[in-house]
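> sharing a sequence plus its predicted fold:
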Amino acid sequence: GMGPPPPPGAPMLGSPANMLPPGMQPKKKYNPEVTMKRANWNKLQPRTLTRNCFWTRVKEEKFENDDLFVQLQNNFASSRPRKGISEDEGAGDMVEGKEMKKKKVKELKVLDPKTAQNLSIFLGSYKIPHSEIKKMILEIDEERINEGMIQVLIKQLPEAEQFNTLRDMRDQYDELSEPEQFCVMVSDIKRMVPRLKCILFKMKFEELIQDIKPDIVNVTAASEEVKNSSKFAKMLEMLLLVGNYMNSGSRNAQSLGFELNFLTKLRGTKTVDNNSTLLHFVARMIEERHPDMITFGDEILHVEKAARVSEDTLQKSMSQMEKSITLLETELKNQANNTDPADKFKDKMQDFVEVAREQYDLLKGMHSHMKTLFKNLSEFFCFEVSKVSMEEFFGDLATFKSDFYQAQKENEKIRETQEKMKRVKEAKERAEREKKEKLKLKQQKAIIDMNAEGDQEGVMDSLIEALQTGKAFNRDKKEGRKRTPRGAANAERRAALNRSRSRVNVVQLSNSVSKEIDIDGPSQDSPVKAPPRRTRQPGSVSVLPREFNGSSPGDAEQLLDRLKNL
């Protein structure tokens, strides 16, 4: 008794506004521990969802992660709701420039001064005889005539009524001004202005095809790519999860979906420290947790080109092409009975109109298919083509794609900067440690050098030199000189001296001294000659009595006294 269900893809008309599509469950409600900044999207109402639209099949809960929610709270917490900033669009004043035209007085019989002046400029620019211009138009000589000439003639030729008047003034040709003479010359060409329009269409046809066809192809490809991209679908699922979490407690919480222009607003939601955005956060999470989604842009390659296509402009171009072909077909019918051998219009235009009609029919089919795909895409993502133009829709996706990869690059630069700072810090700490270690080693080496044998041998060398030169035996000088304490270091050296004296070769010392002293007892006035300096021989053994080994300076004097008594 309730009737058949609506066909697939059709809106569920007559259902309550809050009724969900069959098989679709309400979205999970989240309760963050802090107040969150809001994801500034436009919430889709259940009545706008169809059975087969994108939002009825999303499974955003697969992206749920406790760490994701914690980071969302840390980065996008807010103590007060973020107020949307409305931008006033000021209407600029349009100023129309008024062209001041100087009128020149001419002897004109039919043409108005403006038309006559413009034709005079045209004729003066090309400097081609009037008869030659007429011949080029009749023969459609595309090697000599160009688009610019045709456009000027279409725009500047007089109305049909003036043409007819000038045609009847052939007998007054010499009395007419140059512009009027030109009009008389070409006035016998039948349907002059329509003919020129057909010639211009033929000359521009290939250019029109190249302008229209790529636009249709790009929009068709973009529509198919966006609808079939699995990575882009995952991106929307993740954003739905993030947005619903951030919108907890607001009117946009538990959204079933969102309008895709939200993608362009991600950069506008700042983190707590204002150093990053929601877009950078999403890019970082995808790179860390779902790296396979990073290349979603490769699945929607044509959105940038499609964003540059205006449906209104495309539709006008198609309509204009159809009108031009229809006009050409009409002119060919009018020329069916033309027997002028100099007129080549029918011969050159008949083959062209067949090719043009075939090409147009092909483009018309492609254009119709393009519009169908975009209509399906609007139903898939739940937006109205009357409110969201083709150019706007693909423009939002192109902007998001560009912003996402820009955010990814900026994240990479931030990481590189952080790593560089970390390396600098580690290098500084390492240098400090090495400096401390070197200082410690230097201090340890100084202690070892103070106890080294080399220092002790240096002390012995100084003592031997003093004994050999006789300075050690000059009592008067020694008694007259006060000793200066040298501290603990000198005390250690004196102890080392006493320990080392047993190793001195006293035999060599005594022999040296005995040679220099007079045994017979020289006078006290005779000076004592200093013995020559001798080198200590390593390994020599003392033969003095044991009591002199390691003796003090006084023992050395006793030794000298005994030698004298000998």
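Good, I have the coordinates.

> so Ser342, which of the three states?
Careful, residue 342 is Ala and not Ser. Three-state call for Ala342 (DSSP: H, G, I helix; E, B strand; the rest coil): coil.

> should've said Phe201
For Phe201, the secondary structure call by three-state DSSP comes out as helix.

> number of nearby residues for it?
22 (other C-beta atoms under 10 Å). Glycine gets a C-beta too; all of them are placed from N, C-alpha and C.

> that one touches Ser324, doesn't it?
Yes. With contacts counted by C-beta atoms under 8 Å, Phe201 reaches Ser324, the gap being 4.2 Å.

> hey, what's in contact with both of the two?
With C-beta atoms under 8 Å, 6 or more residues apart in numbering applied, the overlap between the contact sets of Phe201 and Ser324 consists of Ala356.

> neighbouring contacts of stretch 362-381?
9, 50, 52-55, 209, 212-213, 216-217, 219-220, 223-224, 226-227, 260, 314, 318, 321-322, 384-385, 388, 390, 393.

> wait, stretch 268-279
The contact list for stretch 268-279, computed with C-beta under 8 Å, 6+ apart, reads 37-40, 74-78, 82, 242, 266-267, 280-281, 403-404, 407.

> show me which residues of that stretch are buried.
Across stretch 268-279, burial judged by 16 or more other C-beta atoms under 10 Å covers Thr269, Lys270, Thr271, Ser276, Thr277, Leu278, Leu279.

> tell me the mean pLDDT for it?
When pLDDT is averaged over stretch 268-279, the result is 91.

> hang on, the earlier thing: okay if I get the buried residues of stretch 268-279 as TSV plus distance to Glu237?
Supplementary listing: those in TSV, determined by distance: C-beta to C-beta, whole Å:
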residue	distance to Glu237
Thr269	19
Lys270	24
Thr271	22
Ser276	22
Thr277	20
Leu278	16
Leu279	17
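
> what is the nearest of the residues you listed to Asp292?
Closest to Asp292 out of the buried residues of stretch 268-279 is Leu279 (19.2 Å), distances taken as C-beta to C-beta.

> what stretches of the protein score poorly on pLDDT?
Under the criterion pLDDT under 70, the flagged ranges of the chain are 1-18, 79-106, 449-468, 470-557, 559-566.

> those strands in it, which residues are they?
When assigned using DSSP state E, the chain turns out to have no strands.

> which among the buried residues of stretch 268-279 gets closest to Pro113?
Taking C-beta to C-beta as the measure, Pro113 lies nearest Leu279 of the buried residues of stretch 268-279, at 62.5 Å.

> list the contacts for the closest residue to the closest one other than its chain neighbours?
Counting by C-beta to C-beta, 6 or more residues apart in numbering, the nearest residue to Leu279 once its immediate chain neighbours are dropped is Leu266, at 3.8 Å. Residues in contact with Leu266 (C-beta under 8 Å, 6+ apart) are Leu239, Thr277, Leu278, Leu279, Val282, Phe400, Asp403.

> for Asn411, see how far away the second one is.
Pointing back at Thr277 there. According to C-beta to C-beta, to the nearest Å, Thr277 stands 11 Å off from Asn411.

> what's around the residue nearest to Glu64 when sequence neighbours are not counted, how many residues?
Counting by C-beta to C-beta, 6+ apart, Leu241 is the residue found nearest to Glu64 once chain neighbours are left out, at 6.5 Å. Taking other C-beta under 10 Å as the neighbour definition, Leu241 ends up with a count of 24.

> do the same with the one 5 residues further on
Here the count is done by other C-beta under 10 Å, and Met246 has 26 residues near it.

> with Met19 instead?
The burial count for Met19: 13, using other C-beta under 10 Å.

> hmm, it is touching Pro46, no?
Yes. With contact defined as C-beta under 8 Å, Met19 reaches Pro46; the gap is 6.1 Å.
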